[in-house]
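Enquirer: Sharing a model that was predicted from the sequence below.
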Amino acid sequence: METAPPTIEPTQKPAINGSPRFESWGRYPTYDAALRPMHWQGDFPALLNGVYGGALAVGLGRSYGDVCLLKGGTLLPTTGMNRLLDFDAETGLLTAETGITLAQILDFAVPRGYFLPVTPGTKYVTLGGAIANDIHGKNHHVAGTFGNHVTQFELVRSDGTTRLCSPTENPDIFAATIGGMGLTGVMRWAQVRLKPIVSRLVDYQGIQFHGIDEFLALTAESQHVEYTVSWVDVASTGKNFARGIFMKGDHSNVPAPLTKSAKPKLVFPVEAPGFALNSFTVGAFNTLFFHKQMKKSVTALQDYEPFFYPLDAVLKWNRMYGKRGLLQFQYAIPWDHAREGTEAVLRAVAKSGLASFLAVLKAFGDVPSPGMMSFPKPGITLALDFPIKPDKSFPLFQRLADMVQEFGGRLYPAKDAAMTPAQFRAFYPQWEKFARYKDPGLTSSFWERVTGQEPTR
Ligand SMILES: Cc1cc2nc3c(=O)[nH]c(=O)nc-3n(C[C@H](O)[C@H](O)[C@H](O)COP(=O)(O)OP(=O)(O)OC[C@H]3O[C@@H](n4cnc5c(N)ncnc54)[C@H](O)[C@@H]3O)c2cc1C
């Protein structure tokens, strides 16, 4: 691994015309777009001057597909607009411009005894991105989504009008914007309620399981634990089918120093060659990962960084998938069909030989999401990723997406690059109601794809 001073910025590569290109984390699809970075709250809508055919505010491009892309349009990266505006040490209420990252919030908050109320599997996302996709974390079963902890934000429309939004002020726009994929306007700043902690450490337990029934039993007996998530082996069949490791933890209540995290030093050095990830290497990885934990159950006091953000230790790890990138697939299937649906999907993936090695399984709880278009619903969620092999990955994706639809589930726009307009309408029947809140000056390649709209550019 090369070591380098880390730059936590959206991935930008020179496009054909030499200007930087904003990429999403899956690096598929890749589109050229003009970039007009935002630095000040007043930059929007001023930056739209002379823009023809739509724009989109974007964060760190940690969405996997095209929800943060706009082919031939104008992207407005927000990471330069990242000031902390207010913090109440009594209540934990933090107000910041929306380009601030969760990593920057943690650097500020942890030494003061506070943690994020909900965090995804990477801290390199912006506050705006966290709200616009209404992200979920390992504590969904007790805390709901990120939006459940947002108390207010300011939304600016492309016509220059501004609205203060909260559960009680403009509640309909509040609901449309949380999980609204950046399409209802640009959030300038937002306020979120942090949660108190007394230690960086997490009381961790990892338990091996074999099969979905054991996973469900562990889920049921761990309802009182704040964080639960599982890694599942999607390459094995027979007696090892759906084996995995159930990981759970609570913030330690034994007071310990609340220091700031060190910056990551490792960067994935080069694009891996296309053949590096194949059914053999992925199968070997899955076996190694399962046996990394030798005993049926292990307990440890673990720092929050490896517990919440194991992948953040190596920057740019998405290069591992080679130049073609990766396709993510994350579903939520409601409890009625969650067990059979999950087994069916896992069997189809194992049979395809296109195994994924970052397979994450979790039970969503029943805390209602505040967003009109939020993804989570009570049941099981499974996230998979596949290196892109054009003739194989997309047909498999479509088979799996159809299965999810049959089982009454839906896919996550933040992780998507391939759902069809018909699937989107079935997954999100409320989309037409949502479309009434859309800002006519803003759009995304995801939105144009799933609503079947022809770009005007
Ligand atoms: C390793 C990894 C792990 C992940 N784990 C999880 C997980 O556990 N749970 C989960 O839910 N997600 C997870 N994600 C997905 C990620 O959390 C979301 O895609 C998140 O929205 C990315 O934020 P971003 O700042 O990179 O925004 P981008 O990806 O750049 O943009 C996301 C959306 O936010 C909108 N947006 C950004 N800023 C603003 C603004 N100021 N105003 C209005 N709209 C705005 C954009 O228009 C876009 O629609 C993971 C991603 C990675 C790479």
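Expert: Sure, I can see it.
Enquirer: going forward, measure contacts and count neighbours with C-alpha atoms only.
Expert: Noted.
Enquirer: what's the spacing between the residue in the stretch 251-400 of the chain that the ligand sits nearest to and Ala103?
Expert: Nearest to the ligand, among the residues of the stretch 251-400 of the chain, is Leu311, at 6.1 Å (CA to the nearest ligand atom). Applying CA to CA, to the nearest Å, the value for Leu311 to Ala103 is 14 Å.
Enquirer: When those two are compared, which one has more neighbours?
Expert: Taking neighbours as other CA atoms under 10 Å, Leu311 and Ala103 compare with Ala103 leading, 19 against 16.
Enquirer: Can you check the pLDDT for the more buried one?
Expert: Per-residue confidence at Ala103 stands at 97 (pLDDT).
Enquirer: what's the answer for the one 3 residues further on, then?
Expert: The predicted local distance difference test score for Leu106 is 98.
Enquirer: please begin residue numbering at 17 from this point
Expert: Noted, 17 is the first residue going forward, which turns the last one into Leu122.
Enquirer: Does it fall in a helix, a strand, or a coil region?
Expert: Secondary structure for Leu122, judged by DSSP: H, G, I helix; E, B strand; the rest coil, is helix.
Enquirer: cool, Pro411 as well?
Expert: Here Pro411 is recorded as helix under three-state DSSP.
Enquirer: Near it, how many other residues are there?
Expert: Neighbourhood size, Pro411 [other CA under 10 Å]: 11.
Enquirer: So it versus Lys405, what's the distance?
Expert: Taking CA to CA, one finds Pro411 at 10 Å from Lys405.
Enquirer: swap in Gly66?
Expert: For Gly66, the distance to Lys405 (CA to CA) stands at 39 Å.
Enquirer: more crowded one of the two?
Expert: Lys405 (14 against 7).
Enquirer: which residues in the stretch 317-466 of the chain form helices?
Expert: Under the criterion DSSP state H, counting those that start in this stretch, the stretch 317-466 of the chain contains helices at 320-324, 351-368, 406-422, 437-443, 447-451, 461-466.
Enquirer: which regions of the protein lie under the pLDDT threshold?
Expert: Applying pLDDT under 70 to the chain flags residues 17-35, 281-282, 284-302, 304-305, 371.
Enquirer: residues from it in reach of the ligand?
Expert: Taking CA under 6 Å from any ligand atom as the measure of proximity, the chain contacts the ligand at 41, 72-79, 83-84, 114, 136-138, 141-142, 144-146, 148-149, 151-153, 197-198, 201-204, 430.
Enquirer: Give me the buried entries from those.
Expert: The neighbour count (16 or more other CA atoms under 10 Å) marks 41, 72-79, 83-84, 114, 136-138, 141-142, 144-146, 148-149, 151-153, 197-198, 201-204, 430 as buried among the residues of the chain next to the ligand.
Enquirer: Out of these, list just those in helices.
Expert: 144-146, 148 (DSSP state H).
Enquirer: Pull the host helix or strand of Gly222 out as PDB, backbone CA atoms only.
Expert: Per DSSP states H and E, Gly222 falls inside strand 217-226. C-alpha atoms of strand 217-226 as PDB (Å, rounded to 0.1, in the frame of the first residue of the first chain):
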ATOM      1  CA  LEU A 217     -14.900   2.300  23.000                       C
ATOM      2  CA  VAL A 218     -17.600  -0.100  22.000                       C
ATOM      3  CA  ASP A 219     -18.500  -3.300  23.900                       C
ATOM      4  CA  TYR A 220     -18.300  -5.600  21.000                       C
ATOM      5  CA  GLN A 221     -19.500  -9.200  20.500                       C
ATOM      6  CA  GLY A 222     -19.100 -11.200  17.300                       C
ATOM      7  CA  ILE A 223     -21.100 -14.500  16.900                       C
ATOM      8  CA  GLN A 224     -20.900 -17.000  14.100                       C
ATOM      9  CA  PHE A 225     -24.200 -18.100  12.600                       C
ATOM     10  CA  HIS A 226     -25.300 -20.700  10.100                       C
END
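Enquirer: give the contact list for the residue in the stretch 367-473 of the chain positioned nearest to the ligand.
Expert: Residue nearest to the ligand within the stretch 367-473 of the chain: Ala430 (4.6 Å; CA to the nearest ligand atom). Under the criterion of CA atoms under 8 Å, 6 or more residues apart in numbering, the neighbours of Ala430 are 79-81, 83, 149.
Enquirer: was I right about Gly144 contacting Gly201?
Expert: No: using CA atoms under 8 Å, Gly144 is not in contact with Gly201, being 11.2 Å away.
Enquirer: can you pull the buried residues of stretch 460-473?
Expert: Neighbour-count burial for stretch 460-473 flags 460-467, 471 (criterion: 16+ other CA under 10 Å).
Enquirer: so how far is it from its chain's centroid?
Expert: Centroid separation for stretch 460-473 versus its chain: 22 Å, with CA atoms, centre = their mean, to the nearest Å.
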